[in-house]
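[1] how does the following fold in three dimensions:
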Amino acid sequence: MRRMLMAMALLATPAMARVPDDLPMATPAQTLNVLYLDLAGLLGPRDRAPLWTGYLSQRLTALHDRMTALEAADGHRSLSREWLCLCDDPHHLKVPPLLVVENGSADSAEVRVRLIGAAGWSRRLRVYMVREEAGWRIDDIASEEGQRFSEAMARAVDAHVRGRGALGL
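    Below you'll find the model as predicted:
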């Protein structure tokens, strides 16, 4: 417990951009638990970017970086919600979320996630994860209705390239 509290204190510095090595992230569920704790604001200040965007797969990172560069160039934010919770204000998440790993293998996993907000709302989503050299990474996120994070980013990139600006996805 003491090591966990020390690790959480280390995360409180704004310059911290990654999870300390002593927090458990050896499995998809452990990785997501830490990322949801951070998203809820329990692992550091809320005035920095959430850690989960640093835990995207190489494929998703390339798409995210392209979208971010285009957003910076035209000053419009394309994605209007936090995709890891499909919500506008992740600081009101009740944690830990319910996580069920399905279709898991040594290199990939599909994780069903059920989130509950402090106001009583509930969201179900699927997080697709892959094991890369750096550990478990998010390869896609899908809403209950089937809308995928990767597709929303691809549409945002297309909209920026075509000069249509932000989509508000």
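
[2] remind me which residues of the protein are low pLDDT?
    Within the chain, the ranges that satisfy pLDDT under 70 run 1-24, 79-81, 164-169.

[3] one more pass at 50, please.
    Counting by pLDDT under 50, the chain has low-confidence residues at 1-17, 166-169.

[4] can you tell me which helix in it is longest?
    Across the chain, the longest stretch assigned as helix under DSSP state H is helix 58-74.

[5] in it, what counts as buried?
    60, 61, 63, 64, 66, 67, 68, 70, 71 (16 or more other C-beta atoms under 10 Å). Where you see a C-beta, it was placed from the backbone N, CA and C, and this is true even at glycine.

[6] do the same with stretch 150-158
    150, 152, 153, 155, 156, 157.

[7] of the buried residues of helix 58-74, which is the nearest to residue 53?
    residue 64 (6.6 Å; C-beta to C-beta).

[8] just the helices in the protein please.
    2-11, 28-39, 58-74, 149-161.

[9] nearest to residue 124, of these?
    helix 28-39 (14.0 Å).
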